[in-house]
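Participant: give me a 3D structure for the following:
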Amino acid sequence: MTLRIVPLADPASGASSRRLAWLASAADGAPVGSAFLRLFTKEGQEHLAELEIAVHATERRQGVGTRLLDAAVAVARDEGRRSVIAQAEQGSAADEFLAARGFRRVLALTYARLTLKDVDLAAITEPPRPGYELTEWDGTVPAELAQSYADSRRAMDDMPMEGTDYGTVVWDVERVVAAAAAVARRGDLLHTVAAVDVTDGTIVGFSELVVPGDGLGDGQHYGTAVLPEHRGRGLARWMKAASVRRARERHPDLAGLLTDTADSNAPMLAVNAALGYVPTHQAVEYQLDL
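Facilitator: Below you'll find the predicted structure:
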């Protein structure tokens, strides 16, 4: 096949990354595949790039994916990146493609879904946790909680990443605000439930949920985490249950909620199972060491 690989640029750089793209087209100009390379720019992740490649099913095994991969990896090297990560559904064509081209498996993930109409709200109502209270907000965190919320994001620093060279995401108020703004620009709704230590009023855990702006389809859990010194007290389940209840109450036409969890994260897998989430498929995180 005669291929043309055309580099493109995403004109809108994010607060923590910028993105490049390539379009593969056949001799007649018909598009046959694409690649996107996300270059992380924030402190703690400047070594990392994230790759997505898509090839039309009828055009596979003709070198399209390899040409796109070569173009993206060359730029990652030029940009001084140490690692390129990519994700594929287990057993898919992408899974086979990455494994055959020098990527190594570094993380296994389980994706799960909760059908909202099947949720028994009484059954998932959690009792209060002594010494803590829940607070919640839509969109951007209230100004009076912003610094405490940014500080609580270190709860994600030790989440199980197995062999992934993911680095450390450094959160500050600017990044927290920018992340919420990015969700709003897409037209989606961000809702956050947070656990507060009543002794000093600081946020010690959070659970984020993003819902489509029209309230239809499925919502997506973005992250649930508790600071290490406050774990073992059921806060994650308490927060996530509250998030599920709120979604059911506020978005009656929402079909379900999606979540993904590392297979090595037994506590969060247990929380999901207790709340009624049903596994849908597994994915593999791959890494190419440059």
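
Participant: how close does Gly201 sit to Tyr132?
Facilitator: Using Cβ to Cβ, to the nearest Å, Gly201 is found at 11 Å from Tyr132. Just so you know, the C-beta spots here come from the backbone N, C-alpha and C atoms, and that holds for glycine as well.

Participant: before we move on, what about Arg104?
Facilitator: 41 Å.

Participant: and those two? Which one has more around it.
Facilitator: Counted by other Cβ atoms under 10 Å, Arg104 and Tyr132 do not tie: Tyr132 has more neighbours, with 19 against 11.

Participant: and the more buried one, bridged to which residues?
Facilitator: Taking DSSP bridges, one obtains Asp197 as the residues bridged to Tyr132.

Participant: change the start of the numbering to 19 and stick with it
Facilitator: Sure, I'll start numbering at 19, so the last one becomes Tyr150.

Participant: and the helices in the stretch 69-218 of the chain?
Facilitator: 82-96, 111-117, 164-170, 191-203 (DSSP state H, counting those that start in this stretch).

Participant: those: which one's closest to Ala45?
Facilitator: Smallest distance to Ala45 across the helices of the stretch 69-218 of the chain (Cβ to Cβ): 12.7 Å, for helix 82-96.

Participant: now that Phe54 has come up, it's in contact with Ala39, right?
Facilitator: Yes: counting by Cβ atoms under 8 Å, Ala39 is a contact partner of Phe54 at 5.1 Å.

Participant: show me what contacts Glu144?
Facilitator: Applying Cβ atoms under 8 Å, 6 or more residues apart in numbering, one finds that Glu144 lies in contact with Gly252, Arg255, Trp256, Ala259, Ala260.

Participant: and Gln69, how many neighbours?
Facilitator: To be clear, residue 69 is Leu; Gln isn't right here. Using other Cβ under 10 Å, Leu69 has 21 neighbouring residues.

Participant: can you tell me the closest non-neighbouring residue to it?
Facilitator: Ala104 (4.4 Å; Cβ to Cβ, 6 or more residues apart in numbering).

Participant: center of the protein - which residue?
Facilitator: Per Cα atoms, centre = their mean, the C-alpha nearest to the average position across the chain is that of Tyr240, at 5.7 Å.
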